[in-house]
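Following is a predicted model, sequence given first.
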Amino acid sequence: MAPWSERIRAVAERALACGALEPIATEALERHEQGFPFVLRWVSTLAHKPHPRNDAGRNPFLPPEPELTVGALGKRHLVVLNKYPVFAGHTLIVTREFEPQTAPLSGDDFLAWHALLAEGGLGFYNGGEIAGASQPHRHLQWLPEGHLGENQLRAFLPPGETGWAELPWAAWREPLPMHTESAAWAAAARRAYRAALASMGWHDEAPQLPPYDLLLRLDRLFFIPRLVERLAGVSVNALGYAGSLFAASPEKLRALAALDLVAGLCTLGWPRAELAGKS
């Protein structure tokens, strides 16, 4: 079977041709603050994306649009193109049946994620609306390699040992065994995830978790507990903590660009001083 990245690219070409996939138009601004290289983008697809509060009762993943569906991934998941992508190849891993976005992630979720991360790129997860989730149905996300530069990833997701990373905002870091088979990696990622939850006094057997973001590479996991969703009226998801913020209009892009972005990210999460005793 062809690699997932090739299958995703082929389905995206067909979906774009038939109108099922929203074409992307962007305007980007680069900012450097305190050694952090930010890229702010106006992304045209976001203006068309319905908000779940305005689309009550409709679940776009039950079932997902056939033209956007790439294929089955194990017994619990489907690989689906994001209809409103922020980058080419922006992909979702959705559960076949409804599972809440705010419930803890399972070992099967990490096993499914590994299938795409093994081809490179970045995984991310928005745990709840305050963390930037636009749908309540469980969906993991993946960006192919090359959309976020290595300098950006190195600054925002620095390698290191387990614990609160030396970043201005509160982010718990867990190293992962990069060179291992999928089941072993998934088990290690699940343990890392549980340790990250424990850093907040949270438990993965809870029916629902407070809001948080995850950023995931093959060799590391970053966990960011959240308190606030928006910055200058712009919803910030996990990619904000990888230096990428997305506005739905040029006006909102300019509003973001006028801010102190490092201080802004700090205001969206838990104050580090409050977390000093939690680990």
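Structure received.

use CA for all of it now, contacts and neighbours both
Noted.

List the contacts of Leu216.
Going by CA atoms under 8 Å, 6 or more residues apart in numbering, Leu216 touches 122-124, 222.

mind running it again at 10 Å?
Counting by CA atoms under 10 Å, 6 or more residues apart in numbering, Leu216 touches 110, 113-114, 117, 121-125, 141-142, 157, 174, 176, 189, 222-223.

Which positions within the helix or strand Leu256 falls within qualify as buried?
In the assignment (DSSP states H and E), Leu256 maps to helix 250-257. Neighbour-count burial for helix 250-257, counted by 16 or more other CA atoms under 10 Å, picks out 250, 252-254, 256-257.

and that helix, what does it pack onto?
strand 26-33, strand 36-43, strand 230-231, strand 234-235, strand 244-247 (3 or more CA pairs under 10 Å, 6 or more residues apart in numbering; DSSP states H and E).

For the second one, buried residues please.
By neighbour count, with 16+ other CA under 10 Å as the criterion, the buried positions of strand 36-43 are 36-43.

Could you do the first one as well?
Burial within strand 26-33, assessed by neighbour count using 16+ other CA under 10 Å, is assigned to Thr26.

try stretch 92-101
92-96, 100-101.

mind showing which ranges of the stretch 51-200 of the chain have poor pLDDT?
By pLDDT under 70, the low-scoring segments of the stretch 51-200 of the chain are 51-57.

what element comes up after the helix holding Leu256 heading to the C-terminus?
On the C-terminal side of helix 250-257, the closest following helix or strand by DSSP H and E is helix 261-268.

what's the most distant pair in the buried residues of stretch 92-101?
Across the buried residues of stretch 92-101, no pair lies farther apart than Leu92 and Pro100, at 14.8 Å, counting by CA to CA.

quick one, helices of the stretch 151-279 of the chain?
Listed in chain order, the helices of the stretch 151-279 of the chain (DSSP state H, counting those that start in this stretch) span 182-198, 250-257, 261-268, 272-275.

other SSEs contacting the longest one?
Counting contacts by 3+ CA pairs under 10 Å, 6+ apart, helix 182-198 is packed against helix 107-117, strand 163-164, strand 172-175, strand 212-217, strand 220-225.

Show me what counts as buried in the first one.
In this case it means helix 107-117. Quick answer for helix 107-117 (16+ other CA under 10 Å): 107-114, 116-117.

and it with helix 182-198, angle?
Relative orientation of helix 107-117 versus helix 182-198 (axes from the mean of the first three to the mean of the last three CA atoms, to 10 degrees): 120 degrees.
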